[in-house]
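Student: Here is a sequence together with a model predicted from it:
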Amino acid sequence: MIQQRTITASEMRGINRSAVLETIRREGPIARTTIASSLNISLPTVMRIVDTLTDEGFVRAQGATEWCGGRRRPLLEFNADGNVVLGVDMGGTQLYGAISEIGGRILGEAVMERDGASGEECYDLLTKLIDDLLARPALKGRRVRGIGVGAPGITRHREGIVKWAYALNWSEFPLKTRLNERYKLPITVDNDVNLGALGELWFGVGQNAQNMILITIGAGIGAGIIIDGTLYRGSNEASGEIGHMIPGRQFLGKSYVDFGVLESVASATGIIKRARAIKTEAGTLSSEGVFEAAGKGQRWALDLVDETVDYLTIAIANLSVSFDPELIVLGGALTPYGGMLAQAISKRLQGTIPSPPRLEVSNLGLRATVMGAIVTVLHNTSNFYVVHKLS
């Protein structure tokens, strides 16, 4: 049984600080009196927190003013363009990095193909990409709040250890420690899809959702699960590894070493493998090529896509009845075909589960993980709390 404990004075200040910062981020420019009224905390408390946030560069004064404490004071806004975060998505086949203001505006991007790189070579590519971003003129006059990296595998985020990432050939890789030795900046390391889910929650189609799931379909398949506005990680930080879901009894009793069962049939990798088994001349065919062939009415491709949709529908149905999300977002490399997938999956779900979720296609695409890096860096550098009252 988990031992209950009381909140310390320091934690209480952290909770109030987080609430004030989030209110300014979402609703600014905003008056101090409005913040106090909205959060039901005293005006002196708000003023002390605002002074600290201003000193730290998270908040700044805006031109308009309000009467506050017997004098006119400027309204407050989130200092979005004065602070930046570097984010990197290590991906299954390429590295994507970006410089972004903490308000979400991208200032610079870089893409680096892995070209079969493995193990230590992947780390070398990562540092090369980060070095490139740090040298960009866009950083001039702005404060770099930190670096966030999303890895395609199970990651122990507190220690920053990539427990296992097949695509990178990393096992128990101490990524955060290695990066801390090289860069004198706050470093966060997490699963790439977890970061993507946070990106969608703050900046994407999930901004008004409290319970949502991001499913990315690329070289593999993964999910980032948000419950009550907070990322759910599981007891081993392996929640969302839905590529290992079993979408049918025909898959039982077989061994899947590198990729999970669902990934073997419904990821981009699995789709290509199945296409090549159907068409011997499909040696250079991509997953996009399969969808394009289906769009042209080619029977073999239509059947393959139809079967893929069945597998994905089973997975989404299982996630829906397990977590009851209001929204499921489809992202990853197959995002261009997300609308077609969402429509076909929604049709199949009707009548099969009690409360089918709303399905949306990511509007962030490859940027979702980088946007999530902003969230985690802010959380880790601004003493951020998310509190829920149990009813």
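Tutor: Looks like it came in fine.

Student: Can you get me the start-to-end distance on stretch 274-286?
Tutor: Length of stretch 274-286, first residue to last, C-alpha to C-alpha, to the nearest Å: 11 Å.

Student: Oops, could you answer that again for stretch 132-149 instead?
Tutor: From its first residue to its last, stretch 132-149 covers 15 Å (C-alpha to C-alpha).

Student: So what touches it?
Tutor: 57, 81-88, 90, 97-99, 101-102, 107-108, 110, 126, 130, 175, 179, 183, 185-190, 195, 370, 372-374, 376-378, 380-381 (C-beta atoms under 8 Å, 6 or more residues apart in numbering). In this view, the C-beta of every residue, glycine as well, is placed from N, C-alpha and C.

Student: That stretch: which residues count as buried?
Tutor: By 16 or more other C-beta atoms under 10 Å, the buried positions in stretch 132-149 come out as 133, 139, 142, 144-149.

Student: ok, now stretch 230-249?
Tutor: For stretch 230-249, by 16+ other C-beta under 10 Å, it's 231-233, 237-247.

Student: Of those residues, which belong to helices?
Tutor: Assigned to helices by DSSP state H, none of the buried residues of stretch 230-249 qualify.

Student: lowest-pLDDT helix or strand in this protein?
Tutor: Within the chain, no helix or strand scores below strand 59-68, which has a mean of 76 by mean pLDDT, DSSP states H and E.

Student: Now for the buried residues of stretch 132-149: which two are most distant?
Tutor: Pairwise distances across the buried residues of stretch 132-149 peak at 19.8 Å for 142 and 149 (criterion: C-beta to C-beta).

Student: ok, then the element right after the least confident helix or strand of the chain?
Tutor: Remark: after strand 59-68, the chain's next helix or strand is strand 71-78, criterion DSSP states H and E.

Student: Contacts for that following strand, please.
Tutor: 21, 24-25, 28-32, 35, 50, 58-67, 102-103.

Student: of those residues, buried ones?
Tutor: Looks like these have 21, 24-25, 28-32, 35, 50, 58-60, 66, 102-103 buried, using 16+ other C-beta under 10 Å.

Student: next structured bit after the helix or strand hosting residue 262?
Tutor: Using DSSP H and E, residue 262 falls within helix 261-266. Under the assignment DSSP H and E, the closest C-terminal helix or strand after helix 261-266 is helix 268-278.

Student: what packs against that next one?
Tutor: helix 261-266, helix 287-295, helix 299-323 (3 or more C-beta pairs under 8 Å, 6 or more residues apart in numbering; DSSP states H and E).

Student: avg pLDDT for the last one?
Tutor: To tie it back to what came earlier, the one meant is helix 299-323. Helix 299-323 shows a mean pLDDT of 96 in the predicted model.

Student: Let me know the angle separating it from helix 268-278.
Tutor: Going by axes from the mean of the first three to the mean of the last three C-alpha atoms, to 10 degrees, helix 299-323 is angled at 150 degrees with respect to helix 268-278.

Student: List of residues touching helix 299-323?
Tutor: With C-beta under 8 Å, 6+ apart, helix 299-323 has contacts from 211, 213, 215, 217, 221, 223, 225, 227, 242, 245, 247-248, 262, 265-266, 271, 274-275, 278-279, 290-291, 293-294, 325, 328, 341, 344-345, 348-349, 352-357, 359.

Student: filter the residues you listed to the buried ones?
Tutor: Buried members of those, counted by 16+ other C-beta under 10 Å: 211, 213, 215, 217, 221, 223, 225, 227, 242, 245, 247, 262, 265-266, 271, 274-275, 279, 290-291, 293-294, 325, 328, 341, 344-345, 348-349, 356-357, 359.

Student: still on that earlier bit, and the buried residues of stretch 132-149 as CSV, adding pLDDT, secondary structure and distance to residue 9?
Tutor: Shown next, in CSV, are the buried residues of stretch 132-149 (pLDDT from 0 to 100; DSSP: H, G, I helix; E, B strand; the rest coil; distance: C-beta to C-beta, whole Å):
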residue, pLDDT, secondary structure, distance to residue 9
133, 96, helix, 39
139, 93, helix, 37
142, 92, coil, 34
144, 94, strand, 31
145, 93, strand, 26
146, 95, strand, 27
147, 96, strand, 32
148, 96, strand, 30
149, 97, strand, 34
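
Student: what would those residues look like in CSV with distance to residue 199?
Tutor: Listed next are those as CSV, based on distance: C-beta to C-beta, whole Å:
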residue, distance to residue 199
133, 17
139, 21
142, 20
144, 19
145, 16
146, 15
147, 15
148, 10
149, 14
